[in-house]
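> Predicted model follows, preceded by the sequence.
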Amino acid sequence: MSINGPLGRKLNMGLIGGGQGSFIGKVHSIAACLDNRAEVVAGAFSSDPARSKASGAEYGVDARRAYGSYLEMVQEEIKLPVGKRVDFVTIATPNHTHFPIAKAFCEAGINVICDKPMTFNLKEAEELLQIVEKTGVIFALTHNYTGYPLVRQARQMVLDGKLGEIQAIRAFYIQGWLRTRLESTGQKQADWRTDPKKSGSAGCFGDIATHAYNLARFITGLQPREVSCSLKTFEPGRQLDDYGTAVIRFDGGALGTVTASQISHGRENDLWIEIDGTLGALEWHQEEPNRMIFRQNGQPHSIYTRAGGGYLSKPAADASRLPAGHPEAFFEAFANIYTSAYDAIVAKLAGTATSNSPAIYPNVADGVDGMNFIEQCVGSSRNAGAWTNMAHPACRS
C-alpha cells in the first residue's frame, strides 16, 4: 500500500516562490518530499516569467507547468483532473503576497501550506480564516519549530499535568544578522524583511518574535489576554524594529515574555523557551533541539533526548525518524508539519470528513493568532507600552 494509504500515490505539490536564489523555497521543497509522500509537479517560482521557467527546471518540473504567475497557475491547474492537478500549493513568498495567493488557491478548492506570518495584516488574516472555513480546504502554516519532537514532548507533558499550573513563560529569538544596514547592500532577504510595504507593520517582531510567541502558545495552550510591548529600531535609517520585548498576561494569571533581536552580535538562530509550572519547569533550545531539560526542586535535573529510552510521548516519538544519538533538526521539523498536513489532505481527497481543527499542525487560526500578536504589539509600542487587549475569537487553546 502507498505511504498515502487510500490515495495510492504521492501528493502533487505546487510551489509558489522558491526561485533562483531563494532560501526558504528550497527548504520547503526538501521538507515536503523528505518522506516520499509528495513531489513538486508545478509552480510559479518567480514573479518574473522567464526566471520562473528557469527555476522550474531546477525542481525537475515540466516547462509547461512552470507558470509565469500564480494566477495563470490557478487557471491552468484546475483544468486538469484530480490526480493530475496539484493537490496543494506551498506559498514561500514575501509577506505582502501571501493573502492574494492563498485566497486564489483556496477559492479554487486547492489546499494550501503557507509560510509565516500568514498575511500582511490582521484584516487579511481574518478574511482568510473565513475563506478557509467556507471552502473547506486544508490550510497549514509552517511554524516549523512546533515540529521538533521535544517541543511536542513538552506540549504533551503540559497536557498531562506534569508541570502543574503554568505560571511563567520566557521565550526568546535572538539573531545578529541585521546588526548593520544589510538591506542597503541589495541583499534580497534583508531588503524585503525591513521594508514596511513588503514585511508589514513589524520587522524583527513580525519575522521571528512570532515564532517565539507561537512556541509558547503551542506548548502551553494558554490564552493571551493583554500585552505591553516596547519595540526599538537601533540601526539608524532602518524603517522597522530590529529589537523588542513584549510582556503578556494570560488567562488564569500566568505571565509571559517574548524577546526578539536581530542586532545581537554573534547570535544566529537562538530560539529558546523556558516554562515554569507549580510542579516542574522546562527548558528547550532550538540550536540544541535534541535535548530538553526538566527540573523539579529537590530532584536531579532530567535531560530528555529525542527518541531515547522509550519514555517519549507518542506525539514526540511519531515525530522522530532516526534512532537516538543521530541528530534530527530543521528539515525534519519542517517535514513534520508537512506530514501532519498530508494526513488531513489525504483524508480529504479520499472522501473522509476532515477539518483543520483540532490538528497538531499550525493552521489558519494560528495564523490569525500570530497576526493579532504582531498588530497588538505594534499598537502597544506606539502607545508607550500601554496594556493592549489581545483576546481574539480565533485564538485556540
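Yep, it's here. Everything quoted here is computed from the prediction, not taken from an experiment.
> so what does the helix or strand hosting E39 touch, helix or strand wise?
Here E39 sits within strand 38-44, counting by DSSP states H and E. Contacts defined by 3 or more C-beta pairs under 8 Å, 6 or more residues apart in numbering; DSSP states H and E place strand 38-44 against strand 11-17, helix 24-33, helix 49-58, helix 70-77. Placement of C-beta: from N, CA and C, glycine included.
> mind listing what's buried in stretch 314-331?
Within stretch 314-331, the residues that qualify as buried are P315, A316, A319, S320, R321, E328, F330, counting by 16 or more other C-beta atoms under 10 Å.
> could you measure I219 against W284, distance?
9 Å (C-beta to C-beta, to the nearest Å).
> Find the residues that touch each one of the two.
Shared contacts of I219 and W284, defined by C-beta atoms under 8 Å, 6 or more residues apart in numbering, comprise V151, A154, I273.
> Let's see which of those end up in strands.
Among the shared contacts of I219 and W284, DSSP state E puts I273 in strands.
> List only buried entries from the shared contacts of I219 and W284.
Among these, those scoring as buried are V151, A154, I273 (criterion: 16+ other C-beta under 10 Å).
> which residues touch the last one?
Spelled out, it's I273. I273 sits next to I169, R170, A171, F172, A212, L215, A216, I219, L282, E283, W284 when contact means C-beta under 8 Å, 6+ apart.
> Quick check: bridge partners of it?
Beta-bridge partners of I273, counted by DSSP bridges, are A171, W284.
> heads up, I number from 18, so please use that
Got it, first residue is 18 now, which makes that one I290.
> Can you give me the pLDDT of it?
We have a pLDDT of 98 for I290.
> Not counting its neighbours along the chain, what's nearest E75?
Distances taken as C-beta to C-beta, 6 or more residues apart in numbering put Q37 closest to E75, at 7.1 Å, once the chain neighbours are dropped.
> pretty sure that neighbour is touching G73, no?
No: with contact defined as C-beta atoms under 8 Å, Q37 does not reach G73; the gap is 10.4 Å.
> contacts for stretch 119-132?
Stretch 119-132 has contacts (C-beta under 8 Å, 6+ apart) with 31, 41, 45, 49, 87-88, 91, 94-95, 102-110, 115, 135-136, 144-145, 148-149, 152, 154-159, 354-355, 358, 362, 365, 384.
> Tell me the gap between that stretch and the middle of its chain.
16 Å (C-alpha atoms, centre = their mean, to the nearest Å).
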